[in-house]
Each structure stands twice: as structure tokens, then as C-alpha cells.
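# Mind looking at a prediction? Sequence and model below.
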Amino acid sequence: MVKQNSPLNFPDPETLGIEFYLIVQDFPRVHIEFYPPDRQPILLPGKTLALYQMINNQGEITIRDLARMLDLSTATISRALNNDPTVRPQTKRRVLKLARDTGYRANEHARLLKHSRRHILGCIVPRLDCYFTATLVSGMEKAARNADYSLVIMQTNETAEGEASCANALYNKMVDGLLVVVSESTKLSHFTQFVQRNVPVILLNGADEAPPYITIAIDHAKAGYEITRHFLQQGRELIVYIAGGQSSVTADVERLKGYRRALLEEGILVGGRHILKGGISWDDGAKVAESILQWRQKPDAIIAASDDCAAGCMSVLKEHGIMIPEEIAIAGFGNDPISLVTQPSLTTVHYPARQMGESAIHELLFQLDDSTPNKLLQSIVLRSDLIIRQSG
């Protein structure tokens, strides 16, 4: 790509039969240097600076660009820039001059990551004001402190823009590793820059597998199966699942696999009324409940994506005279404190949040351990438990 940062109208390099050229400031005049170098420079009067760059659509000159300009290997360019004595002086001068003229900058970020550790880990969470995240982060912080690492925690407020901003900020801080608590707004493209710099990234509480990232989660498919099976064994058939989101990396994807399997084993086909788009907050559950109240045939059971959502749903149904669990059974995920104070107490799936946080730090440090070569990217599955209480 050719970029022109000057009001002057210079001809396109292709019209001159060359690949590209450079216009370099040299007060009190500007001179144009052509590459390949067999073309003669053109000198222009004035103090105008214009620069044409052949770049990889990224706005910066790379070693590969320098090698292509000078018809040298990237290895030779690298050795010349590092003042390697095996490079001929004439070649070294050519490389250094071109690097200076094009504004080439060595990738200091990559060099630091390759040769040193800052003992700083980054953590991105959707929000901090929930029990699961607070417990998870507590486990992380303890394990990181014991390993003499600092933990920088940032929250996205459950927006893709917030997540991108957090990822860029932590990348610029040159963290040694990154932990991401998956949410509906999670986009894996936000973390590509870390992978490209060989910074390990661990996704927490999302889908079981999301290569090239390491994942740590419970067996969401098994949890979804067990809680659905539990209601089926009670003779309930119209079991509704309130999904927290539709992202391909969220836990809902796996939970729904187990949910569908349990229903299909009983010959129940999953239709449009079975899976409702909701969310994970109290208000999300309340809104879904308001909708369900309009149904002519109400469900026998409701499985919500979180305990907060289940509690909000339960509250609205009770206000309208629905008996829990006699008419509609309700369950959630998380085993948050709210599950113990609802009336009736909430059936739920326990998440080992603290253990998940500790495991994430240990795995990240293992990936950073240079003494262990050829590490495999893996998925770590932690145990969860179905806790049956009074709601169903």
C-alpha cells in the first residue's frame, strides 16, 4: 500500500515502473530516493516533507519491508540492525540508512516479552459487582501474590467496546499473561495481538474449547444435562431455558447441549418456546417472567443462566400467585449467596470459583516457565455439583 502524507501530487510509483519510492526531508530541500536503487534521485526545492511508505497496511515499516527494499534476507537485516560484526560494513550502512529514512522502529514490545518478565498479569472481567467474579478474583489474587506477581484487574461493563479498551490497555502495559472471564460481549479478536506476541491467554468460564486459547471451566454440558434430567425425573416436561447470551464462547453454548440431550432422551423435541433470550441479571429474569405469565400453557420448570436471573424470575412469578415449585420449578447456576435467601431457596449448580481463579494463575505461570519447552495448550475442566434446594 502507498500512503501520501503531502499536498504535493507525485506520480504513483507503478506508473514509473518501480515498486515504490521514498521522499525524505533534507532541509533546505526535499529529495526523493527510488528503490530499487538503480533509479536516480530527483531533487526538489523547498522545505516540504512528504513520505511514501510501502507498509503492510499497518502504518509501520517492518524488517520484511526493509529486506524487500534492499533485496536482502530478513536475517541479514536483523543482524545489521543489531550491529552484528558478520555483516559487511557497506551492507550495514545501507540497512541503517534505510531504517533511519523510513522511520523504522524495532518492536520493543516483542523484545521485552522474549527476554524478560515484568511479573504483571492482566485480568479482564465483565463486572466486579457479582459474587462469582469477586470469588474468582480473590483466588487469582492470592495465587498471584504467592508467586510474586502483581494482578491488574479491569472490567468491561459487559460491552465489546469496554473489552477492546481493556485489552489494549493491558497489552500496552506489556503484561506477561492475560486472564479473561468470558461474557456475552467477549470477542476473541480482541486478544489476537497477545497471541501474536506469544503472550499466553486463558479464557475462564466460557466454552470448553476455543483454540488457540487455554480454557478453564466446569463441564457446562454435563451441568446442563444434570439439572434438566433432575426436573424430568420429577415428571416435568415443558422445561424452559433462559439463555444468558448467544455468543459462541459463552457457557450457554455447552449448557444447551446437555439440556437438549436430556430432553431428546425422553423424546421431547426442543422448539422455539424452550429457549428464551434473557440475560444474567435480576431484571433480565423479571422481564422473562413477565413474558411467561402471558403464556396460555406455562412451563413446568425454568432453568436460568444465573442465580440472579432465577431469583428475579421467581420474584415476579410469586407476585402473580404462581406457586414455586408446585406449579413451576426454578433453578439457576452459580450457587451465589442469593440462592440461599430466596423463598423458597434456589436449586442451583455450584461453581468452584475460587479454585478456578487459583488454577488459572497456576496454568498461566506454567505457560510462562521457560524451563518447560513444548507446552501444550489445553482445556482444564473443573468439577461442579448440582445442589438441590426447595425451588425444585
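Done, it's in.
# What is the helix or strand that residue 96 is a member of packed up against?
Take DSSP states H and E as the rule and residue 96 turns out to sit in helix 89-102. Applying 3 or more C-beta pairs under 8 Å, 6 or more residues apart in numbering; DSSP states H and E, one finds that helix 89-102 contacts strand 20-26, helix 63-70, helix 74-81. Heads up, the C-betas are built off the backbone N, CA and C, glycines and all.
# Looking at the first one now, give me its mean pLDDT.
Read it as strand 20-26. This predicted structure assigns strand 20-26 an average pLDDT of 46.
# now do the second one
Throughout helix 63-70, pLDDT has a mean value of 80.
# same deal with stretch 263-281?
89.
# Over to it now: how far is its first residue from its last?
End-to-end distance for stretch 263-281: 26 Å, by C-alpha to C-alpha, to the nearest Å.
# what's in contact with it?
Among residues not part of stretch 263-281, those counted as contacts by C-beta atoms under 8 Å, 6 or more residues apart in numbering are 184, 228, 232, 237-246, 256, 259-260, 284-285, 287-288, 291, 295, 304-306, 308-309, 312.
# tell me the domain ranges of this protein?
As recorded under automatic domain parsing, the domains making up the chain are 2-110, 113-218+354-384, 220-351.
# Can you tell me which of the contacts of stretch 263-281 end up in strands?
Applying DSSP state E to those, the entries found in strands are 239, 240, 241, 242, 243, 304.
# Wait, the fifth one touches residue 259, no?
No - at 9.8 Å, residue 243 does not count as touching residue 259 under the criterion of C-beta atoms under 8 Å.
# can you redo the domains of the chain as CSV with distance to residue 392?
What follows is the domains of the chain, written out as CSV (distance: least, C-beta to C-beta, whole Å):
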stretch, distance to residue 392
domain 2-110, 52
domain 113-218+354-384, 18
domain 220-351, 3
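# Nearest to residue 391 among those domains would be which one?
The stretch from the domains of the chain with the least distance to residue 391 (C-beta to C-beta) is domain 220-351; that distance is 4.7 Å.
# How far does that closest one sit from its chain's centre?
27 Å (C-alpha atoms, centre = their mean, to the nearest Å).
# Quick one: end-to-end distance for it.
Between the opening and closing residues of domain 220-351 we find a distance of 10 Å, counting by C-alpha to C-alpha.
# Stretch 201-212 now?
Stretch 201-212: ends 9 Å apart by C-alpha to C-alpha.
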